[in-house]
Each structure stands twice: as structure tokens, then as C-alpha cells.
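> no sequence for this one, just the structure:
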């Protein structure tokens, strides 16, 4: 089965559901691990830096955004790590997944911004089309 | 930290492309900031060229863009108005010297002591002042002026949805300049406010008397410029650090800013610093290394040499529209939420910073006032000690030091204590200095007079240490 699983996460409920599916798959094989990837938009950097007292505080604040996903992973016995990327969510996830040669990408079908998805097409759609490995889109 | 080779050649393709994009975006800003400062557009353009090129080599944050900036332009307005541009060049040199001294003294570390509230106030007041500087160029001039400002804003906000490769401001400038020229609409142009010389900057020595008199004139401006330049540069460096997920050398950046300003002063430019907006554009366009900053500076100069004649034909309303966009991008729009949600004292510090800057037109004064005010709030906050009573145990909450001893002593002085055998619990407190020890001794004596037995419990190791040090001191006398 899959050893290196990339779980794309944001603060949404769908990301939590995606995490649960990723855990199921990771549990099939003993040494497989999940890498939680959270993409921070470039435009969030300025206000993030302005409103936090240090880079450590900023990282903590961002980690809290995906705390539900992390909680779900902690409760399972699957090993995982969290990676922050910066840029546009879709292309960054694709680039990272292909560079790191992950074996499976798991992503929620829709994220936080519902309107944007209707207008511009979704991140999950972009990721599905462009990653070199199998992708699982979770409803 | 990356190796120097990586900082230069780790991202050649991305750096060249983003450098070209930034050069195009820099031209209107360099011109607009020159107009704000009250100097010829060439002063800002030369500064942007030399700042970018020198910082590419001397800076501590690869991928960050430095050039002529609005924050610096605002500070130098009175100097240019009262003494002329040669004094600006001299002040720019001195700014560089001061920044190098700051860099050597590792002042970058002090940035940690500038609270968020002050930094938020800094960017907000910067945005407000740049906007205010645009007002005379578009209010009450002509109807067509309003139309051109409006169309420019419409273009710069809608075009990026469709065209991503070419910066929207550039398209707006080219399209609207062509429209203005061929329609014959009467609009003020950049040429009406200054001249563009199509030549490289040359080495000059500022034409000022080198004496104490001159030094007294330029020194206050240079100090302000040095502070503003470092605050904005180090804030920008933090933002670029975050965007790229890499680290930077802040002290090297401070020294680099100094070197770049000295060179800029010798080549007829105005003092500059790092730019938040342009650095964000650079990183977004794929720039990561030093090469991107160098390309931005070189290509900017190349464009001016080749297209100088056309640049003067750009209508002022188009430039104003672009600067309004810059203001909107600079302003921290989450500030309104911050004003509601942040602690009252933080909100007050932020507002104070903005008000002082808008009032004095000097960002450094706002920063200094903001830092002092928040320091005062901090001292007030930690200088009160609260005491909670549970039976005959008295819990001290807070730090016991010279500023907080009064509230500690007063509690035991004015509160009636019923038990004649009490414990003072220091598990939530710490004694910091001789005043703290003195206050404890005073309270013990005070209670002894009333016939109350006191036992001090739960002192931490460092409090015990300072007490024993002072006791040994007093017993030796």
C-alpha cells in the first residue's frame, strides 16, 4: 500500500473527513506516514507578521487553524508530521507532491471558500489533474 | 542560512523574470515618491537603481527589494523645502553612516521591542500619508482627472484576474498614456512636475559646506531616516522570511541598508529602504535570490535610458490611481477588527502611533511615541501586586520590584489582619531587586509591631538568592 501519504489540510470540516480517510489507508501498512500540508497564502504573510509577536507565535497560531485535523491524527496511531507551504494552495500542493514523490494525495472536495470554488474552479480539481500520483478526493 | 552561491544562483530563471516585473512596478512608485519628497523624478529613480544594486550584494535578506520609498520621502520633505536637494544628498550619506553604526551595534535585536501595535500603526499611517500626498494631484483639477484616476483603479484591480504575467499597473500606464496622447485630453503629466534625464547617475560630492552648521541641519533628519529605514526594512525582511520559509541576517541587512544609502547619496539619490509591496510582488513573481534584486535595479535603469522620453508623457491621474492602489495594499485592513478585539492599551498605542505620524508627517516620531507609550502601559501593568487571602495564608500575585513595592506594602499596612500567625506565599511572585527585598523586610517589621508572626514561604531560587545577597551585605556593616 502507500507509504508516504500527503494530506492537504485547511481549517474546514472536509479536511477533517479527508484526514479520517487518510488514517484508514495509512493503517493498512505499518510504516506508512501522513504528511499534513497546509498552504498559507502569500497575501496572509504581511498581516500575519504584523499581528504576531514572533515567528514562533505565528506558527502556533497557524497550527491552531488545523488543530481539528491534528487532533484526529493524534487519536489514531498513525505517525504524521505537519508541513507549512507558502503560495497559492493548488499549485503549491501539486509542486510539493511531485517534488517529494509522495505516493498518494488525500484532499477534501471543497475547502473554506465556497464562493471562490464556484467561480474559479476548486483546488481539489487542480490537484487531481496535475499530481503524478493517485489522488483521493473526499466528499 | 543558504550558501552565498545559492543566494545568487539558486533560482536563476525565477529571479530574472521577477526582477523584470519588479523593475516595471518600481518606476511609477519611484517617480511618485520623488514628487512627494519635492525633488526631480530622477532623484528617486537613481536612488531606486543604486539601492537595489547595492542591496543585492550587501543586504542580509535575499529576494528583498530596496529602493526609494514613501516612508523615507515623507521624512525628507521639510529638509528639501527649506534647504534644497544638495542637503538631501548629504543627509542621505549621514543616514547610511548611522545605519552602519546601528548595524554594527546589532540594533536589529531591538526590533523585538517594537510592539505589534506600533508596527500596525506604522503601516497604516504610511498608507494614510501617501494617500494624502495624492489628494492635491486629483481633487478639484478637472473632470477628466477624476475619470482617469477611476479608470486606472478599475484596470489595476480587474486586469490581474485575466492577465497574470504582465503587472496590471504597467498595462494601465501604457494604455491610458496612449489614450491621453491620441485623444488630446488636457491632463497634467509627469513632465509638468519634473524632468527625466536619460543618463546614468554620476559620482558627486554633495554641494554643501562641510561644517558643524550643516551637520546640525541634517542630523535630525538623518536620525529619523535611519530609524524609519531600518523599521521598514526589518519588517519587510520578516515578511519575506515568512513568505519564503527561510531565514535572514537582520544585522547584515541593517549594515547593507547603510552602505546602499551612502552610495545612493554619492550618486545623487534620495535615501531609501526596503519596500513591503515590491518585495511581496517579487516573491509572488517567483523571485527568491539576490539576483532578482540586482536585475530589478539594472532593468529599471535600462528602461529609463531607453524610454525616458515616454515616461514624462504619463498623465499624473494615472500615477495617482496607481499610488492609491499602493495605499490600499499598504494599509492593514484587519486593523479594524484589531481595534475591537485587541487589549484596550494596544488599541490605544496603535491609534496614538497613527495620530502622531499623521500630525508630524514623521514616521520615526510615531514609532518612538508608540514604543514609549506601550512601555509605560507595560510598567503600569506589571507594577501592581495583588494579594489574595486564604485563611492565614496570603498569596502574592505579581512581580515585586521597585515599581510595585508600594502596592505590596500598602496591603499589609491598611488591611486588618485577624490572625496573629500568618504565612506570605510567594509561589506566584518573584523578588527582582533590593526594593523588593526592602519591602518584604518592611512588611515583616510592620507586622511584628502589631504582634503578628510572619513566615515567608514558597520563595523561588532566584528570589532567595537576592535576599541572601542583600542580607550578607547589610550584616557586614
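Okay, I see it. Predicted model only: the values in this text are computed from it and were never measured.

> need the contact list for the closest residue to residue B:334 other than its chain neighbours.
Excluding its sequence neighbours, the residue lying closest to residue B:334 (C-beta to C-beta, 6 or more residues apart in numbering or on different chains) is residue A:47, at 5.1 Å. Every C-beta, even on glycine, is put in place using the N, C-alpha and C of the backbone. Applying C-beta atoms under 8 Å, 6 or more residues apart in numbering or on different chains, we find residue A:47 in contact with B:332, B:333, B:334.

> phi, psi of residue A:47?
Main-chain dihedrals, residue A:47, degrees, to the nearest 10: phi -70, psi -30.

> for the one 3 residues further on, same thing?
Backbone torsions for residue A:50, taken as degrees, to the nearest 10, come to phi -60, psi -40.

> now do the residue nearest to residue B:118 when sequence neighbours are not counted, the pLDDT please.
Spatial nearest neighbour of residue B:118, excluding adjacent residues (C-beta to C-beta, 6+ apart): residue B:370 at 3.6 Å. Residue B:370 carries a pLDDT value of 95.

> I'd like the distance between residue B:370 and residue B:123.
Residue B:370 sits 12 Å away from residue B:123, going by C-beta to C-beta, to the nearest Å.

> quick one: name whatever helix or strand follows the lowest-mean-pLDDT helix or strand in chain A.
Lowest on mean pLDDT, DSSP states H and E among the helices and strands of chain A sits helix A:114-120, with a mean of 48. Using DSSP states H and E, the helix or strand that follows helix A:114-120 in sequence is helix A:123-130.

> now do the buried residues in that next one.
A:123, A:124, A:125, A:126, A:127, A:128 (16 or more other C-beta atoms under 10 Å in any protein chain shown).

> follow-up on the earlier one: drop anything exposed from the contacts of residue A:47.
Among the contacts of residue A:47, those classed as buried by 16+ other C-beta under 10 Å are residue B:332.

> I'd like the distance between the residue nearest to residue B:334 and residue B:323.
21 Å.

> equivalent analysis for residue B:390, please.
Relative to residue B:323, and taking C-beta to C-beta, residue B:390 is found at 63 Å.

> which residue ranges of the stretch 51-200 of chain B form helices?
B:70-83, B:85-104, B:116-134, B:143-158, B:168-183, B:190-193 (DSSP state H, counting those that start in this stretch).

> which positions in the longest helix along chain A come out as buried?
With secondary structure taken from DSSP state H, chain A has its longest helix at helix A:13-26. Buried positions in helix A:13-26, judged by neighbour count with 16+ other C-beta under 10 Å: A:14, A:15, A:16, A:17, A:18, A:19, A:21, A:22, A:23, A:25, A:26.

> now do the helices in chain A.
Counting by DSSP H, the helices of chain A are A:13-26, A:43-50, A:55-65, A:67-75, A:89-100, A:114-120, A:123-130.

> for the longest one, give the mean pLDDT please.
Here helix A:13-26 scores 89 as its mean pLDDT.

> which elements pack onto it?
strand A:4-8, strand A:33-40, helix A:67-75, strand A:104-108, strand A:135-138 (3 or more C-beta pairs under 8 Å, 6 or more residues apart in numbering or on different chains; DSSP states H and E).

> please identify the deepest-packed of these.
For those, average neighbour numbers computed from mean count of other C-beta atoms under 10 Å in any protein chain shown are highest in strand A:104-108, which has a mean of 27.

> how about residues contacting that one?
A:2, A:4-8, A:10, A:12, A:14-15, A:17-19, A:21-22, A:25, A:93, A:97, A:123-124, A:127-128, A:131, A:133-138.

> repeat for stretch B:339-349
B:115-118, B:121, B:338, B:350-351, B:370, B:373-374, B:377, B:381.

> do the same with stretch B:438-458
B:400, B:405, B:408-409, B:412-413, B:417, B:419-427, B:431, B:467.

> first to last residue in that stretch, what's the distance?
Stretch B:438-458 has its terminal residues 18 Å apart, counting by C-alpha to C-alpha, to the nearest Å.

> what stretches of the chain score poorly on pLDDT?
If you meant another chain, say so; for now it's chain A. For chain A, residues meeting the criterion pLDDT under 70 lie at A:111-121.

> I was thinking of chain B, sorry if that wasn't clear
Looking at chain B by pLDDT under 70, you get B:1, B:473-477.

> what residues does it have near chain A?
B:112, B:115-116, B:119-120, B:123, B:235, B:238-239, B:241-245, B:276, B:280, B:283-284, B:332-334, B:338 (C-beta under 8 Å from any C-beta of the partner chain).

> what do you get if the cut-off is 10 Å, keeping everything else the same?
Proximity of chain B to chain A is confined to B:112, B:115-117, B:119-120, B:122-124, B:161, B:235-245, B:247, B:276-277, B:279-281, B:283-284, B:286, B:329-330, B:332-335, B:337-338, B:342 under the rule C-beta under 10 Å from any C-beta of the partner chain.

> now intersect these with the helices, please.
Using DSSP H, the residues of chain B next to chain A in helices are B:116-117, B:119-120, B:122-124, B:235-244, B:276-277, B:279-281, B:283-284, B:329-330, B:335, B:337-338.

> which residue of chain A lies farthest from its centroid?
Here chain A reaches farthest from its C-alpha mean at residue A:53, the gap being 25.6 Å by C-alpha atoms, centre = their mean.

> can you pull the phi/psi pair for the closest residue in space to residue A:23 that isn't next to it in sequence?
Nearest non-adjacent residue to residue A:23, counting by C-beta to C-beta, 6+ apart: residue A:76, 4.4 Å away. Main-chain dihedrals, residue A:76, degrees, to the nearest 10: phi -80, psi 170.

> just checking, residue A:76 touches residue A:25?
No - the criterion here is C-beta atoms under 10 Å, and residue A:76 misses it with residue A:25 at 11.2 Å.

> overlap in contacts of the two?
residue A:34 (C-beta atoms under 10 Å, 6 or more residues apart in numbering or on different chains).

> ok, residue B:215 - contacts?
B:90, B:94, B:208, B:222.

> chain A: which of those is nearest?
residue B:222 (27.0 Å; C-beta to the nearest C-beta).

> what parts of chain A come near chain B?
Near chain B, when you scan chain A using C-beta under 10 Å from any C-beta, you find A:40-55, A:57-59, A:83-88, A:119-120.

> so how far is chain A from residue B:32?
Distance, residue B:32 to chain A, by C-beta to the nearest C-beta, to the nearest Å: 21 Å.

> where does the residue nearest to residue B:118 sit, in terms of helix or strand?
Secondary structure from DSSP H and E places residue B:370 in helix B:363-382.

> need the next SSE after that helix, C-terminal direction.
Counting by DSSP H and E, what follows helix B:363-382 is strand B:386-390.

> tell me which strands that next one pairs with, and in which orientation.
strand B:393-400 (antiparallel) (DSSP bridges).

> residues of the strand it pairs with that come out buried?
Buried residues in strand B:393-400 (16+ other C-beta under 10 Å): B:394, B:395, B:396, B:398, B:399, B:400.

> the last one and residue B:434 touch, don't they?
In this case it means residue B:400. No - counting by C-beta under 10 Å, residue B:400 sits too far from residue B:434 to count as a contact (11.1 Å).

> which of the residues of chain A next to chain B are buried?
For these, buried by 16+ other C-beta under 10 Å: A:40, A:42, A:45-52, A:58, A:84-88.

> neighbours of residue A:28, how many?
9 (other C-beta atoms under 10 Å in any protein chain shown).

> just to check, it is in contact with residue A:1?
Yes - Residue A:28 sits in contact with residue A:1 when judged by C-beta under 10 Å, with a separation of 4.6 Å.

> what's the burial count for residue B:91?
32.

> tell me who's in contact with it.
Taking C-beta under 10 Å, 6+ apart, one finds B:75-76, B:79-80, B:83, B:206, B:208, B:214, B:217-226, B:261, B:265, B:270-271 in contact with residue B:91.
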